[in-house]
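Participant: Provided below for reference: sequence and predicted model.
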Amino acid sequence: MAARASREDQAAAKAARPSITLIVGEEELLIERAVKAALASAGHGGPAAGDQAAGADIHDARAGELAVGELSVLTSPSLFGGETVVIVRAAQEASTAVAAELGALAADPPPEVTLVVTHSGGAKNKQLLGTLQAAGARRVDCQMVRKFGERMDFLRAEFARAGRKADDGGLRGLLDAVGTDLRDLAGACDQLVSDTTGVVSAQVVARYWRGRAEATGFSVADRALEGNLALALTQLRWALAVGTAPVLVTSALARGLRTLGQVGSVSRGKSGQAAAAELGMPAWMIDKARQQLRGWTPAGLARAHAAVALADAQVKGEGASAGYALEHLVRVIVECRSRAD
């Protein structure tokens, strides 16, 4: 009787779960997590999306690579029975015929088939979103996390998932130390949860990240943009010593210069809050950029941008030494700041 009840419970759970999951957005980490959650909900969760779970036939394909009629093959019953999971990524890339097949499949999914579809959310093939939702798809939004407040919320949620708390100082310190990439931030949260106790504060982040937090592409960029050549070179050597990829340094410098250009285009008469609202940046970033702008001219910023583009190509293989290219770049940027035009 117990075994029969268990089978009935499993059947009821299977009937209750949606057979179609629609994941909309472009944030890769969130998409990856949503795909895994859909697999787990279907009873096929694994350490990575697309794992062959026991008793499940899982197919993972990009919509743009699917030929007409291929979906029918992927969703056909297995010779050995059991369930089938079909993951169709980037549905916005589907041809008109394949998009129509996806809609028809969602409207009448074969028994034992679970369909997971990802879509960027843009205008291309947007009608497919409505078709899938009308067919009863469960929608999961994974929009890009761009704003400072959204990143703070993401970090809070990461710590909450692990049963931990972090104050605002700790969250800001983590953003300063690690940068804005969600995957890097999630990994940093995991490390702090594993290796520290109590509330994650700015002091905890600084103590744990000492060396790495103080020697990143962002710290190199800050010192170079401020015109502090000696400290910028020191930070650069530490960053490379602890494994920071050279391309991350050029990326941080490029981002810093873009920020200076954006902030410099806003009237100095505007308050930090007003400028922040106009540019979509946190007020503290506006204040920091305005301090760094002292000594910079539009021509200097243009020359520095050109130097970063050249160094970026060199660290990606066109130069003999990435370290030398970066040291030269830092010197050029400091010179561009201090040079009168």
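Facilitator: Everything's here; your move. Residues are numbered from 1 along each chain as shown.

Participant: show me where the stretch 201-341 of the chain has its helices.
Facilitator: For the stretch 201-341 of the chain, the helices defined by DSSP state H, counting those that start in this stretch occupy 202-208, 217-225, 229-241, 246-264, 272-279, 283-292, 298-313, 322-338.

Participant: quick one, which of those is packed in tightest?
Facilitator: Highest mean neighbour count of the helices of the stretch 201-341 of the chain: helix 217-225, a mean of 26 (counted as mean count of other Cβ atoms under 10 Å). Glycine gets a C-beta too; all of them are placed from N, C-alpha and C.

Participant: one step back: can you tell me which of the helices of the stretch 201-341 of the chain is nearest to S72?
Facilitator: helix 246-264 (43.3 Å; Cβ to Cβ).

Participant: now that closest one against helix 217-225, angle please.
Facilitator: 50 degrees (axes from the mean of the first three to the mean of the last three Cα atoms, to 10 degrees).

Participant: tell me the domain ranges of the protein?
Facilitator: Domain segmentation of the chain under automatic domain parsing yields 2-142, 148-208, 217-338.

Participant: export these as TSV, with columns for mean pLDDT.
Facilitator: Shown next, in TSV, are those (pLDDT from 0 to 100):
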stretch	mean pLDDT
domain 2-142	81
domain 148-208	89
domain 217-338	87
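
Participant: F159 contacts D190, correct?
Facilitator: No: checked against Cβ atoms under 8 Å, the pair F159 and D190 is beyond contact range at 10.1 Å.

Participant: so what secondary structure elements neighbour the helix or strand hosting V116?
Facilitator: Using DSSP states H and E, V116 sits in strand 113-119. Judged by 3 or more Cβ pairs under 8 Å, 6 or more residues apart in numbering; DSSP states H and E, the packing partners of strand 113-119 are strand 20-25, helix 28-41, strand 83-89, helix 96-107, helix 127-134.

Participant: okay, the ones you listed, which one's buried deepest?
Facilitator: strand 20-25 (a mean of 23).

Participant: now that strand - C-alpha only, PDB.
Facilitator: Extracted in PDB, the C-alpha atoms of strand 20-25 (Å, rounded to 0.1, in the frame of the first residue of the first chain):
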ATOM      1  CA  ILE A  20       7.000  24.000 -20.500                       C
ATOM      2  CA  THR A  21       9.400  26.500 -18.900                       C
ATOM      3  CA  LEU A  22      10.100  29.800 -20.800                       C
ATOM      4  CA  ILE A  23      13.200  31.600 -19.600                       C
ATOM      5  CA  VAL A  24      13.400  35.200 -20.800                       C
ATOM      6  CA  GLY A  25      16.400  37.500 -20.600                       C
END
